[in-house]
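S.K.: With the input below, show me the fold.
(2 chains)
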Amino acid sequence: MSELALPTAAIDRERVRAWTAIGAWLLVSRAVVLAATLGLSSLGPHFGLLGPRLLHGVTPLASWDGIWYRDIAAHGYLLIPGHQSDPAFFPLYPMLVHLVEALGLGGVAAGLLVSNLVFVLALVVLYELSREWLPEADARRTAIAAAIVPMGFVFSMVYPESLALLLIAGAGLLARRGRWVACAALAAGAVLTRPEGLFVLLPIAAAVRAAWPTAGPKQRGAGLAAIAAGPIAGASFVAYLGSALGDPRAWFEAESAWGRSFTLHGPVRAIGHLLLHPAGRDIWLWRDLGCLLIYLALVAVAWRAGAPRAWLIGGLLVLLLPLGSGSVESLGRFGLLALPVYWGLAVLARRAWLRPLLALGGIALLAGGVFTLPYIWP
Amino acid sequence: MRRVFDQLKTLAVAIGALALVGGAAFGLQDVLLPTPGPARLTAADVSGDLRGYRASFAVERIGGRRFHVSCRDRFIRDERLRPGDLILIRNGPRLTVTYGDVDVLAGRDPRLALEQLLLSGCPRELAGKLAHNLFTHAFTLGPDPQDLRFRAPAQSMELLLSRRGDIPLRLRAAVDGLTGWSIVHFARA
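M.R.: Coordinates of the predicted model:
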């Protein structure tokens, strides 16, 4: 079978078996998230901080940033100088929600539909990408790990993480297969979904470098375009905000109002903040710090197992760069887009005795994570 | 020669593909994302412009009575020092506002106090009120595009804006049926 063969031509029995297993874990994990959400809502409208409007049925999954994404989908961007406003949120996910809303669905339903459908595809693509360098069983476990990772309840929320996972893994897969134009489109989409999408340019660049000696001018040009597609898409977002809101600095101003301006001493401030304010609302920051440390350990496991260096560096940037903003806040969620984390989990799960522990622990923490929603944003 | 030609071809393909990606990305955002209405854009601009001011002076007319009111942005000490607004009413009481909570002196009509606060045009308070209400999409423009209106539960407000900048010159407000209007001047210090 050729390296450049289409995935559709490669649907063999082994793949069908793997997709079935991944699908089963996906169903179990999403059933757990749904049951936990409904259980949470059944605790009553005044439980936690979400309030009655956001604490009934599945609406906890549409809370926090989900409100902002739904607002962008329904009304577009608006910069409110000096206040937290929506130009800080990237556009591709609300664009898709807006399209689905046009079918007659409400904002919550459209957002949940997009996130969950896209997550199915994301797991399949993650499996295919992982097969490029891992044994089949590990690739399967990689996708299963993504389905049951504790913070993975976010993949079912009105949040763009599932779309970003699909596009990052998809761009990486297409780069490995030398399909540069489609890779460029997905890399652009990844950056238009989440800023972490930018780091997929590292594995793309590695793939272009590997293919360079044997490629013709056309392939080389398309490969270079695939590397730069992400940054160009990011620039297009800045340009769009400039045109729609009359302020090309809208994204930067909004980020600053959200406290996401980066400095070199940010990591020191982040740790100092944790140590100086160990209680109160900031207690949740310990969860994010715990996630960060576990993710870093898993990246190390993936590194020892021989994961591609470009993906490892990209993963580390996803995990460590947000510290520059002076906080570990939301790192548990941001790290969901560091693919080596899942590879690390898959490698750990080679030990048969550890598998039930990881699976049960993952599922239990997944449900527990949903119950934190009334108290803290993911 | 052929090598140079190949390099040029590589560059041309890369630039062409990138132009396509950038153009498509911008175009899709432009087509697929809704644009905010003029009333919301105006309200956001007013909220932003008001951040440049630290004080306001207003002549208010409420229920046939006239009040001269000044408002200064400063730190207010209650249980702790917090940023807020100090409102002085000539021949009247002193009000303090921290994060939208009006400190009403005992015996005073809270409805009148809120009306006086709304009409005083305190820059921080007014900017915050506009920003907060932007999420509820409560804004409309009047027949004159300089006339910005918004409604909140039990309150409505109308801002007649300057044609040169987005700074309100005149305010009209209603709180639980108590109506009034004011002429406002803003100061940076």
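
S.K.: Excluding residues flanking it in the chain, which one is nearest A:L78?
M.R.: Spatial nearest neighbour of A:L78, chain neighbours left out: B:P36 (4.7 Å); criterion: CB to CB, 6 or more residues apart in numbering or on different chains. All C-beta spots, glycine's among them, are computed from the backbone N, C-alpha and C.

S.K.: Next, count neighbours for the one you found.
M.R.: Residue crowding around B:P36 was assessed by other CB atoms under 10 Å in any protein chain shown; the count is 22.

S.K.: Quick one: residues contacting the closest residue in space to A:G266 that isn't next to it in sequence.
M.R.: Leaving aside its chain neighbours, A:G266 sits nearest to A:G324 (3.8 Å; criterion: CB to CB, 6+ apart). Taking CB atoms under 8 Å, 6 or more residues apart in numbering or on different chains, we find A:G324 in contact with A:262-264, A:266-267.

S.K.: What of A:A169?
M.R.: A:A169 is in contact with A:122, A:125-126, A:128-129, A:339, counting by CB under 8 Å, 6+ apart.

S.K.: which residue is nearest the middle of chain A?
M.R.: Nearest residue to the geometric centre of chain A (CA atoms, centre = their mean): A:E161, 3.4 Å.

S.K.: Tell me who's in contact with that residue.
M.R.: So A:E161 contacts A:115, A:154-155, A:194, A:333, A:336-337 (CB under 8 Å, 6+ apart).

S.K.: hmm, 7 Å instead?
M.R.: Taking CB atoms under 7 Å, 6 or more residues apart in numbering or on different chains, we find A:E161 in contact with A:154-155, A:333, A:336-337.

S.K.: cool, and A:Y159?
M.R.: A:65-66, A:115.

S.K.: before we move on, the earlier item: will you turn the contacts of A:E161 into a markdown table that also has distance to B:A187, secondary structure and neighbour count?
M.R.: Shown next, in a markdown table, are the contacts of A:E161 (distance: CB to CB, whole Å; DSSP: H, G, I helix; E, B strand; the rest coil; neighbours: other CB atoms under 10 Å in any protein chain shown):
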| residue | distance to B:A187 | secondary structure | neighbour count |
| --- | --- | --- | --- |
| A:V154 | 47 | helix | 28 |
| A:F155 | 51 | helix | 28 |
| A:R333 | 44 | helix | 22 |
| A:L336 | 49 | helix | 28 |
| A:L337 | 48 | helix | 26 |
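
S.K.: ok, those residues vs chain B, which is closest?
M.R.: Within these, proximity to chain B (CB to the nearest CB) peaks at A:L337, which comes in at 19.6 Å.

S.K.: What are the buried residues along stretch B:53-69?
M.R.: Judged by neighbour count (16 or more other CB atoms under 10 Å in any protein chain shown), stretch B:53-69 contains these buried residues: B:53-58, B:60, B:62, B:67, B:69.

S.K.: ok so, going back, so which of the contacts of A:Y159 comes closest to A:P231?
M.R.: Using CB to CB, A:D65 comes nearest to A:P231 of these, at 23.9 Å.

S.K.: pLDDT value on the residue nearest to the closest one when sequence neighbours are not counted, please?
M.R.: Spatial nearest neighbour of A:D65, excluding adjacent residues (CB to CB, 6+ apart): A:Y159 at 5.9 Å. In this model, A:Y159 is scored at 98, pLDDT.

S.K.: and the closest residue in space to A:G306 that isn't next to it in sequence, how many neighbours does it have?
M.R.: Distances taken as CB to CB, 6+ apart place A:W133 nearest to A:G306, at 7.5 Å, with adjacent residues excluded. Using other CB under 10 Å, A:W133 has 15 other residues around it.

S.K.: And the residue nearest to A:E136 when sequence neighbours are not counted, which helix or strand is it part of?
M.R.: Nearest residue to A:E136, sequence neighbours excluded (CB to CB, 6+ apart): A:E14, at 6.1 Å. Taking DSSP states H and E as the criterion, A:E14 maps to helix A:13-42.

S.K.: what mean pLDDT would you report for that helix?
M.R.: Helix A:13-42 carries an average pLDDT of 95.

S.K.: swap in stretch A:190-208?
M.R.: Computed over stretch A:190-208, the mean pLDDT rounds to 98.

S.K.: Send me it as PDB with only the CA atoms.
M.R.: The C-alpha coordinates for stretch A:190-208 follow below in PDB (Å, rounded to 0.1, in the frame of the first residue of the first chain):
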ATOM      1  CA  ALA A 190      -6.900  25.100  13.200                       C
ATOM      2  CA  VAL A 191      -5.600  28.600  13.900                       C
ATOM      3  CA  LEU A 192      -9.100  30.100  13.200                       C
ATOM      4  CA  THR A 193     -10.400  27.800  15.900                       C
ATOM      5  CA  ARG A 194      -7.900  28.100  18.700                       C
ATOM      6  CA  PRO A 195      -4.500  29.800  19.000                       C
ATOM      7  CA  GLU A 196      -2.900  26.400  19.900                       C
ATOM      8  CA  GLY A 197      -3.600  25.500  16.300                       C
ATOM      9  CA  LEU A 198      -0.600  27.600  15.300                       C
ATOM     10  CA  PHE A 199       1.800  25.000  16.600                       C
ATOM     11  CA  VAL A 200       0.700  22.400  14.100                       C
ATOM     12  CA  LEU A 201       3.100  24.300  11.700                       C
ATOM     13  CA  LEU A 202       6.000  22.500  13.400                       C
ATOM     14  CA  PRO A 203       5.000  18.900  12.400                       C
ATOM     15  CA  ILE A 204       4.000  20.300   9.000                       C
ATOM     16  CA  ALA A 205       7.400  21.900   8.600                       C
ATOM     17  CA  ALA A 206       9.100  18.700   9.600                       C
ATOM     18  CA  ALA A 207       7.000  16.800   7.000                       C
ATOM     19  CA  VAL A 208       7.900  19.400   4.300                       C
END
